[in-house]
Structures are given as structure tokens and as C-alpha cells.
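Enquirer: coords below, sequence missing:
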């Protein structure tokens, strides 16, 4: 638990500034002039000057402290945002798959392929022939429903839907109109869907489709009448296509699958069957050399930008977070990233860290890329370099996971920047209370001084009136004598 106080430089209570002292002098002179002249004193100006002088030092000190804390809160926010952005950008890059060895098809019109997450595909070599695509059963009504008779009942009672060897599913068709029947079938959410298709003349047909694969063949039987029967000896509907499995040969082995997306035949690869051909399609792998080279350079560029931001905030002289333990810890962790192991296990001769694949540290802490060494490692150890960015199998490390863990720790509300935010926010609230207290004290002093000087001004005026009366009276006596 972080227990350190707000990282602000202690500020001694300032002595009255020249401005504050000047306010006192001006107020004193105004009072003396008013009294000597015998005229009314400008109480408002006098009191304002005295109150300002009284609280100038405390107000200035609190303002300085408030500005410092505001800058610290802003600095913490900047570091958190910077690290989160760095971590998220790298994670998205890795998830995108461009840094992972990808399968390559010799004929994408027949067969395309994508790598599964975390798969190791180096050395992939497979021959696949697609002889049939998987299809779903499609049936439609033979006779259209005229536009003027759209609400005509096709059948009453219930329909019974059976998919493959599954249990019969009863369907209430409502009023039995073509639209009601389609809605009732879709409401079951069985994988069998219905739609109403209108031809060029306005005639409406009911089209019913099932999922691909032999086991998804379905029958539909009406409780009353055969207008909606599908399958068996149905005469009011026709089959547009039947449910069939895809047929393909993988490295000489004939297999069938219920769909055209196949993820369990070639380890780590998802196949998409797009067409048929008697000519085998070759499936190989291509290492992402160019993408990895670009990724290393992009990481170094972003790292240097992040480092600059953190260094500015923790500068021992000008940094807003120069005394913040979480910010300094983040700086140390980031600087250690280049030499941190990113690949599990310790195999002699194989690189494990960024520094071993050509990422070097400059004297100022920034990074640079040794392009020659990086190219050499990509040529000699492509799988290892790939694993640093796209971990797979037993290797749960990788740069993205490492950076995510670093960011999570750095922004923690217990020991990281999150804790700093809590601390600074509390300090900010405390300063605000002190400022409110000064405001209240200023108001109280203003009231007291206003009353005092108003009373004094009244007495001075009374004394002046008495003086004038006595002066006039003495003058009259002297005249009479």
C-alpha cells in the first residue's frame, strides 16, 4: 500500500509581498488623509486593501499548491493514457494476425485458409482436393399466392418439423397465411428458416432453408392438408437443393464435413471451401518477415515517444511527477523491457529478448533498431522472433502480454498511478477546503473592519460638527467683545 503523501515541494509561508505591503501603506495613508481632512473615509476601498494584505500570503501559497496538484493529476492521467494506448495498440496488432505465420493456398478460388489464434504453422505443407461443397436443403411451394390473396390460408392446425433424426417440433402457424407460416417457422430458431419470395408478377412463394450437411435434412408435415408438406411424398412443394456434406481429400485421405468452413482437418488452420476442382490445392505457410520487421521498428518508435513523455514528467528539476514513486517505478520497468525474456524456455543460441534481435539502447535511454541483426535473426530464427509477438503453445509470454502486465501494474490503484491519482485528488480536496476557509475568514474580517471603520467615520463626523460649532461660537464671542 502506498502511504507517501502528495509529491509536492514544501512551500514555506511567504512574508508579505511588496504588493501586500503596498496595500497596507496605501490604506494607512488613506485613513490619515481622511481623518486629517475631516471628511468621510472610503471604507470600502480601505477594508478591501487591508483584507487583501492580510490574506495575500496564504492565498498565494494555496494557489501555488493547487496549481502543482492539478499539474500532478494531469501528469498521472497523461502517463496512464500513454501506457494504455501503447499496450492496446500492440495487442490489437497481435490479434490482427499479421505477425503470425499465415497459411497460403495455391488456389483461393477453390480453398482459402486462415491461421487459428496461437497456431504455429511454420513448415506447413498439405495437399487438398475439394470434390463437393456442403449444401443445405432448400424447398419452396410450387404454386404462388397471388398478391390479392396474400392473406389466404395455406393450411390450418400445426406443422411438424423434423430435422435429421431429431425429435419432432410442433409449430403453430397462426392464421395459416403465407406470412404467418414463415414467421412461425422462424420463431422456433431451429436453424431452419423461412422467407416469402415475390416473383415479377407479384406471386408469393414460401421458401424454407436448412443448415448445410446431410444431418440437417428436414421434413415438414401439415396436420391438416399437404399444402406445406416438405420431404417424403410431398406434392405441393419442390426441393431446390438437398442437404449434403462437403467432400474433400486431405493428403490422400477422403473426408466429409457438414459445412464449408472446416477447422479440424489441418492443425492450426481454418479452411474455407469456395469451389470444387479435381486439381489438388497446395497449402503452405509464409513467415511474416516484412510484418515483423515493421512491427519491431514501430514498437521502437512508439517506445521512444512513451519514454519521452515519462521522462518529462519525472525530470528531477521540472517534472510534475519527479517525486511520484509510481511514475519512477514505471520508468524503471519500461527501461527494463528491452532485456526482459519474451519467450518461455531457455534454448541455447536462440534469442529471448528484444535486445537479442537487434533492439539496442542509446545513451539517452531511447531505443534503436540494428536492422542487420534483426534481418539475421528473422532469417535464422523466424519462429522465435514470431513467438516474441504472437506467443503460442506452451509459450504464454510475448511482448504484448508482457506490456499489458506492465501497464496493469503501473496503473494499479493499490501501488501504481491509480494510487497516485487517489492521493492527489485527496490533496486537491484538502487545498480546496483550506481555500474555502480563507474565503470565509476574509469575509468575516471584511465585515468586522467595515463595521469598525464605519463607526469610526461616524464619530469623526460628529467630532467635526462639534468642532465647527465651537469654532463658530468662539468667533461670535470674539466679535461681541
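Expert: That came through fine. Remember, it's a predicted structure, so these values are computed and weren't measured experimentally. Numbering: from 1, shown residues only.

Enquirer: Note down every partner strand of whichever strand or helix holds residue 284 and its orientation.
Expert: Residue 284 belongs to strand 281-286 when assigned by DSSP states H and E. Strand 281-286 sits in its sheet next to strand 102-105 (antiparallel), strand 125-132 (antiparallel), going by DSSP bridges.

Enquirer: For the helix or strand that that strand is followed by, list every residue counted as buried.
Expert: On the C-terminal side of strand 281-286, the nearest following helix or strand under DSSP H and E is helix 289-313. Residues of helix 289-313 classed as buried: 291-293, 295-296, 299-300, 302-304, 306-307, 309-311, 313 (neighbour count, 16 or more other CB atoms under 10 Å). (C-beta placed from N, C-alpha, C; glycine too.)

Enquirer: Pick out the most distant pair among those residues.
Expert: Within these, 291 and 313 form the most distant pair, 32.7 Å apart (CB to CB).

Enquirer: Just want the most central residue of the protein.
Expert: Centre of the chain computed as the mean C-alpha position; nearest residue by CA atoms, centre = their mean is residue 88, 7.5 Å away.

Enquirer: How far does stretch 277-288 sit from its chain's centre?
Expert: 38 Å (CA atoms, centre = their mean, to the nearest Å).

Enquirer: in this protein, which spans are helices?
Expert: Taking DSSP state H as the test, the helices found in the chain are 18-37, 43-95, 178-187, 289-313, 325-336, 371-380, 382-389, 399-410, 417-480.

Enquirer: Quick one, which of the ones you listed gets closest to residue 360.
Expert: In terms of CB to CB, the element of the helices of the chain nearest to residue 360 is helix 371-380, at 8.5 Å.

Enquirer: which helices and strands sit right next to the closest one?
Expert: Judged by 3 or more CB pairs under 8 Å, 6 or more residues apart in numbering; DSSP states H and E, helix 371-380 is in contact with helix 289-313, helix 382-389.

Enquirer: For residue 287, give its distance to residue 431.
Expert: 58 Å (CB to CB, to the nearest Å).

Enquirer: More neighbours: which of those two?
Expert: residue 431 (22 against 18; other CB atoms under 10 Å).

Enquirer: Low-confidence bits of the stretch 101-250 of the chain, can you list those?
Expert: Low-confidence segments of the stretch 101-250 of the chain (pLDDT under 70): 224-227, 232-233.

Enquirer: Which parts of it are strands?
Expert: Under the criterion DSSP state E, counting those that start in this stretch, the stretch 101-250 of the chain carries strands at the ranges 102-105, 111-115, 125-132, 136-141, 156-163, 169-172, 193-198, 204-212, 218-224, 237-241, 246-250.

Enquirer: between the ones you listed, which one is nearest to residue 413?
Expert: In terms of CB to CB, the element of these nearest to residue 413 is strand 111-115, at 37.5 Å.

Enquirer: Might one say that residue 131 is in contact with residue 247?
Expert: Yes. Residue 131 is within contact range of residue 247, at 4.8 Å (criterion: CB atoms under 8 Å).

Enquirer: higher neighbour count, these two?
Expert: The neighbour comparison of residue 131 against residue 247 (other CB under 10 Å) goes to residue 247, with 17 against 12.

Enquirer: Kindly state the beta-bridge partners for that one.
Expert: Beta-bridge partners of residue 247, as defined by DSSP bridges: residue 132, residue 256.

Enquirer: same question, residue 222
Expert: Here residue 222, judged by DSSP bridges, has bridge partners residue 159.

Enquirer: list the contacts for it?
Expert: Contact analysis of residue 222 by CB atoms under 8 Å, 6 or more residues apart in numbering lists 155, 157, 159-160, 228-229.

Enquirer: Next one, pLDDT for the nearest residue to residue 73 once chain neighbours are set aside please.
Expert: Spatially, and ignoring its direct neighbours in sequence, residue 73 is nearest to residue 424 (4.8 Å; CB to CB, 6 or more residues apart in numbering). With respect to pLDDT, residue 424 scores 94.

Enquirer: With the one 5 residues further on instead?
Expert: Residue 429 carries a pLDDT value of 93.

Enquirer: measure it to residue 72 for me?
Expert: Noted for residue 429: a distance of 14 Å to residue 72, by CB to CB.
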